[in-house]
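> the sequence and its predicted three-dimensional model are supplied below.
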Amino acid sequence: MFLGFDLLLSITVIIMVYSGFQILHVDSQYSHVMKFSKERLETLNELAVGLMDAQRTINLAAMYIHDIDDLLVGIERQSEGIRNIRANMDSLITRYRANVTADSWLDITQKAELLSLFSEYEDSIILFDDYIERLLVASRRFDEHEVIHLANQSVITIERASSTHAHLQNEAWEHVRTVREALTIQSRSTLDILMVLALAGLLFRLLLHM
């Protein structure tokens, strides 16, 4: 009688410990992926904002070529703004790379593919930055033809960067969906095991009363 009671108690304890462990495990894994994926998405959004700010600055710099009286003051003001934007974007690029490298949910192949795609995005940023510097120089020389040419080239580069940015965002969301599905399967498996253990406990209890 006491042996059967001890066995029933043991099954109950096993159920409690196992369920508690699985809940903590799933919560930990979910928090992990949300932290890394959320940071990647936030970083990408901040980079996109930086590019838009830079594009707006290019447009303003190009406008000053028609304002001879305020040309140098206006150009230098825009040049300073570009330097600040670029410094912030360099920091964001470093953050993104560090995030991908540290994410344990990504395997080596996934990390390599993601960093390779991000390198394309970074190349567009570097090219865009080069157009900005050349446009500012052309503006100081009152070279309207070159300013217009560089402004048009910067738009093409922005469009290419936007396409890569969208791809990177999709990758981040796809990663979130993949992990959610894996955790859902794990949770269902845990529930199935708990139901089996609970049923076993119920059967033992019925046997004790027979």
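Right, received. Where do you want to start? Residues are numbered from 1 along each chain as shown.
> now do the same contact list for the residue lying closest to residue 168 once chain neighbours are set aside.
Distances taken as Cβ to Cβ, 6 or more residues apart in numbering put residue 44 closest to residue 168, at 5.6 Å, once the chain neighbours are dropped. Backbone N, C-alpha and C define where each C-beta goes, glycine included. Taking Cβ atoms under 8 Å, 6 or more residues apart in numbering, we find residue 44 in contact with 96, 165, 168-169, 172.
> what do you get for residue 101?
111, 115.
> look up how far residue 150 lies from it.
Between residue 101 and residue 150 the computed distance is 35 Å (Cβ to Cβ, to the nearest Å).
> same check on residue 123?
For residue 123, the distance to residue 150 - Cβ to Cβ - is 18 Å.
> with residue 162 instead?
On the measure of Cβ to Cβ, residue 162 and residue 150 end up 18 Å apart.
> quick check: buried residues in stretch 140-154?
Using 16 or more other Cβ atoms under 10 Å as the test for burial, stretch 140-154 gives 140, 146-147, 150-151, 153-154.
> for the protein, what helix or strand is lowest in average pLDDT?
Lowest on mean pLDDT, DSSP states H and E among the helices and strands of the chain sits helix 2-63, with a mean of 70.
> neighbours of residue 37, how many?
Using other Cβ atoms under 10 Å, the number of residues around residue 37 comes to 21.
> quick one: contacts for it?
Listed by Cβ under 8 Å, 6+ apart, the contact set of residue 37 reads 172-173, 175-176, 179.
> for the closest residue in space to it that isn't next to it in sequence, which three-state class applies?
The shortest distance from residue 37 to any residue other than its chain neighbours is 4.8 Å, reached at residue 176 (Cβ to Cβ, 6+ apart). Per DSSP: H, G, I helix; E, B strand; the rest coil, the secondary structure class of residue 176 is helix.
> of all the buried residues of stretch 140-154, which two lie farthest apart?
By the measure Cβ to Cβ, 140 and 153 form the most distant pair in the buried residues of stretch 140-154, at 18.3 Å.
> where in this protein is pLDDT low?
Low-confidence segments of the chain, defined by pLDDT under 70: 1-32, 61-82, 183, 185-210.
> residue 151 and residue 59 touch, don't they?
Yes - with contact defined as Cβ atoms under 8 Å, residue 151 counts as touching residue 59 (7.3 Å).
> what's the burial count for residue 107?
Neighbours of residue 107 using other Cβ under 10 Å come to 10.
> weed out the non-buried ones from the contacts of residue 37.
Using 16+ other Cβ under 10 Å, the buried ones in the contacts of residue 37 are 172, 175-176, 179.
> closest one of the residues you listed to residue 110?
Proximity of the buried ones among the contacts of residue 37 to residue 110 (Cβ to Cβ) peaks at residue 175, which lies at 8.1 Å.
> excluding its backbone neighbours, what's nearest that closest one?
In this structure, residue 175 finds its nearest non-sequential neighbour in residue 37, 5.7 Å apart by Cβ to Cβ, 6+ apart.
> what of residue 115?
residue 100 (5.8 Å).
> so the one you found is in which element?
Assigned by DSSP states H and E, residue 100 belongs to helix 71-102.
> just checking, what packs against the very next helix or strand once past that helix?
Once the chain leaves helix 71-102, the next helix or strand it forms, by DSSP H and E, is helix 108-140. For helix 108-140, the elements it packs on are helix 2-63, helix 71-102, helix 144-208, judged by 3 or more Cβ pairs under 8 Å, 6 or more residues apart in numbering; DSSP states H and E.
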